[in-house]
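Trainee: let's see this in three dimensions:
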Amino acid sequence: MKNFSFLFLIFFLSNFLYSQECKWEWNSPLPQGNDLYEIKFASKDVVYAIGGAETLLKSIDSGLTWKIIDLDFPGYLYDIYNISIIDEDNIALSGENGTLLKSNDGGATWFKKSIPINNYFKIDFMNKDIGYATLPVNSKILKTTDGGDTWVYLNIETNYNICYFLNENNIFIAKENLFIKSTDGGKTWNENTNFPFTPISKTSIYFLNENIGWVSTYLGTLLNTTDGGETWTNQTIDSHYPISFYKFFDENNGYIFAKQRFFKTTNAGKNWVAQYSDANFDSDITSMDIYEDGFVIGIGENGIIKRTTDNGYTWVNLRNGFKSTFNQIQFIDKNTGRISGDNGLILKTTDAGNSWTEQSKGLTTNNIFDLHFFNLDTGVIATNNSSNVIFFKTTNSGVSWFEIGQINDIAILYDVCLYNEQTFWVSVYSIQENFIMKTTNSGEKWYIKKCLRDTVVHKIQFINENIAFAVGEKGVFLKTTDGGDNWNITQIDSNDIYHTLYFINENTGWIGGNKGRLLKTTDGGVSWISQNESANYMISDIQFLDDNNGWAISFDWSAVYSNIILKTIDGGNTWEKYFSPSNKWVFDLCFVDDKNGWIVGQDGILLNYSCTETAVEEPLPISETNDFQIFPNPATNEITFSIPDEQNINSISIFNSLKMEVKRIEKTEIIGNSKITISTTDLPSGLYHCSFVNQGRRVTKSFLVLK
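Mentor: Alright, predicted model coming up:
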């Protein structure tokens, strides 16, 4: 009977595989909230924009709506430094440590290539095959003639500040008191030492053709040449910032952009006219592109996208969301949740986050430090300014609020623990000392329960009326078993700072620290087990749903891609890293269940974690008539990939059901092998997807690991 059941399971799975896809996505702002760096038109309809945390946006309706493009290689770029547009379909991205991504289908699929460098670089492709990579750090230029498969250094002896690639042959370089150009793709160089200027940024140079070009130097100075850089003339502009964008449609008509200044010329730069409706051009815009006269799309910090068709006199703001920082999020049930933030902001949803309405207009202008609803109707918030903490309460689900108590003469508020409608706890700095304080009448009267002298407590959690835990600086851990009358203090690590904790009962809990430490106790804090550590992480919040399933959020000081999300399904013995859609500071997370979670943070970011399950018909094992074969399927300890001889495979990637790459086989391991066998002993049971990638396409097959 046991064998029959197993065979039935295999037969069932061979016809219907249920794939569960879980991921973090932007809920607000939309389309996303990372800073945007560069925007480029591929055509009037197709526009691309890049930004922090590997953000790539695409519009196919002239910038009216935007879609986030999945790069398939999370964590390879860390940040996108620039984008090179060949046409609507062919684009290239430069990333961290020589990583180059190319797509020939408008971002649907990607191919990873490597440039022989280990630093920042800028990419410029002239066509599908010929491209240049510039390295400002060591003043080198590399060139490819085969689409990025191989690269060679150009023979250029001088250091340079900036360079501009007009086409595959014409290259222009400007530096202090020297102008250099090549007309044969970098084989030979001509120098002009009669260039007594200093360009000030990588965007300081632009050439319309072989002869006509501009270079910006110190603020307010623009230089023009009409003879390929032999001679230069001044064109003065009224700008207090360096020029970061040029666009000329012909020899006479063009635009330049410097922060808060947008200028137009109709006589080759002899005169420049400022284009704006108020005192300044829209101050949110830090970069832009123009497709035709008057049609501009500007981008900026926090995902700003603005569009104008009249040279900036009127704008349509395409970013939908709040700019205020979100400090906390709480869901009472799967549908009903609230967010609190700076400047008195409270948002409410009753449809699982599909829409949010503001509930706090006129309540307070102070930042809301803590929010807690005890049921659907009754909740309390704590607001703070420079000298006091004020508590407000609602009994009608946030329709109206009334003040219930406060603490005065507070220099710093570190934490608030709203245990029930009457009992609150706070950690504060006042009168040059740190205190833990308690109220049992909703804030009307407060009692000092612990004087901590010079030790800061960052987080307090009460398990019941008697038992509570707290953590803070100098590696301290505090515990009370009598409702806070007495506290036992232990020092786990005097060199660490613990910012957060989460206990699921009086014995089992976790704390998170400055060094990325996640420590676990199963005996109420008597002993601790280190479960995760990284010198660059700062754990900011932890939540566990049960003994096994938990999440943590952190910030990586060392990386541009700095927002780290950690997940465990084994009580913290192992932690899986998620690459967050955002690189902003994150402050609070809230999981309703194992398939629905939320994160809030800096500049109004709101991320949502959700899972979808779809049935996919996939014959198992793969038929021998298929080009690519995977066997045995299901696999236990190892699996073999059979590759047709005529296929020129660049790489093989294996992804789990969360679309995270768990194994990768590079081209050097594939060449000369028609069959490749790898171990699956380190892969948990589940569904996996294997992608065979070559220059023209990506073939994906699925397999099971059963143990």
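Trainee: may I have stretch 104-121 as PDB, with CA atoms only?
Mentor: Output for stretch 104-121, consisting of C-alpha atoms alone and laid out as PDB, is shown next (Å, rounded to 0.1, in the frame of the first residue of the first chain):
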ATOM      1  CA  ASN A 104      17.700  41.600 -26.700                       C
ATOM      2  CA  ASP A 105      14.000  41.400 -26.000                       C
ATOM      3  CA  GLY A 106      13.200  44.500 -24.100                       C
ATOM      4  CA  GLY A 107      14.100  43.100 -20.700                       C
ATOM      5  CA  ALA A 108      12.100  39.800 -20.900                       C
ATOM      6  CA  THR A 109      15.300  37.700 -20.600                       C
ATOM      7  CA  TRP A 110      18.800  38.600 -19.600                       C
ATOM      8  CA  PHE A 111      22.300  37.400 -20.300                       C
ATOM      9  CA  LYS A 112      25.100  38.000 -17.800                       C
ATOM     10  CA  LYS A 113      28.500  38.900 -19.100                       C
ATOM     11  CA  SER A 114      31.700  39.900 -17.300                       C
ATOM     12  CA  ILE A 115      34.100  42.800 -17.900                       C
ATOM     13  CA  PRO A 116      37.700  42.200 -16.600                       C
ATOM     14  CA  ILE A 117      37.500  44.800 -13.900                       C
ATOM     15  CA  ASN A 118      36.500  44.800 -10.200                       C
ATOM     16  CA  ASN A 119      35.100  48.300  -9.800                       C
ATOM     17  CA  TYR A 120      32.500  50.800 -11.000                       C
ATOM     18  CA  PHE A 121      32.200  51.300 -14.800                       C
END
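Trainee: ok, the residue most central in space within the chain to residue 335 distance?
Mentor: What sits nearest the mean C-alpha location of the chain, by Cα atoms, centre = their mean, is residue 582, with 2.6 Å. Using Cβ to Cβ, to the nearest Å, we find residue 582 at a distance of 24 Å from residue 335. For the C-beta atoms, the positions are set from N, CA and C on the backbone; glycine is no exception.
Trainee: with residue 571 instead?
Mentor: Distance check for residue 571 against residue 335: by Cβ to Cβ, it reads 29 Å.
Trainee: give me the more crowded residue out of the two.
Mentor: residue 571 (19 against 13; other Cβ atoms under 10 Å).
Trainee: can you give me the helices for the stretch 601-707 of the chain?
Mentor: The residue ranges that make up the helices of the stretch 601-707 of the chain, judged by DSSP state H, counting those that start in this stretch, are 667-670.
Trainee: quick check: which ranges of it have low pLDDT?
Mentor: Segments of the stretch 601-707 of the chain classed as low confidence (criterion: pLDDT under 70) are 613-627, 645-647, 658-660, 668, 672, 695-697.
Trainee: all strands for it, in order.
Mentor: Listed in chain order, the strands of the stretch 601-707 of the chain (DSSP state E, counting those that start in this stretch) span 606-616, 629-631, 638-642, 651-655, 661-665, 675-679, 686-693, 698-705.
Trainee: run a quick neighbour tally on residue 448.
Mentor: By the criterion of other Cβ under 10 Å, residue 448 has 12 neighbours.
Trainee: over to the one 5 residues further on?
Mentor: A total of 8 residues lie near residue 453 under the criterion other Cβ under 10 Å.
Trainee: skipping adjacent residues, who's closest to it in space?
Mentor: residue 433 (5.8 Å; Cβ to Cβ, 6 or more residues apart in numbering).
Trainee: wait, isn't that neighbour in contact with residue 448?
Mentor: No - checked against Cβ atoms under 8 Å, the pair residue 433 and residue 448 is beyond contact range at 9.7 Å.
Trainee: quick one, helices of the stretch 251-400 of the chain?
Mentor: Counting by DSSP H, counting those that start in this stretch, the stretch 251-400 of the chain contains no helices.
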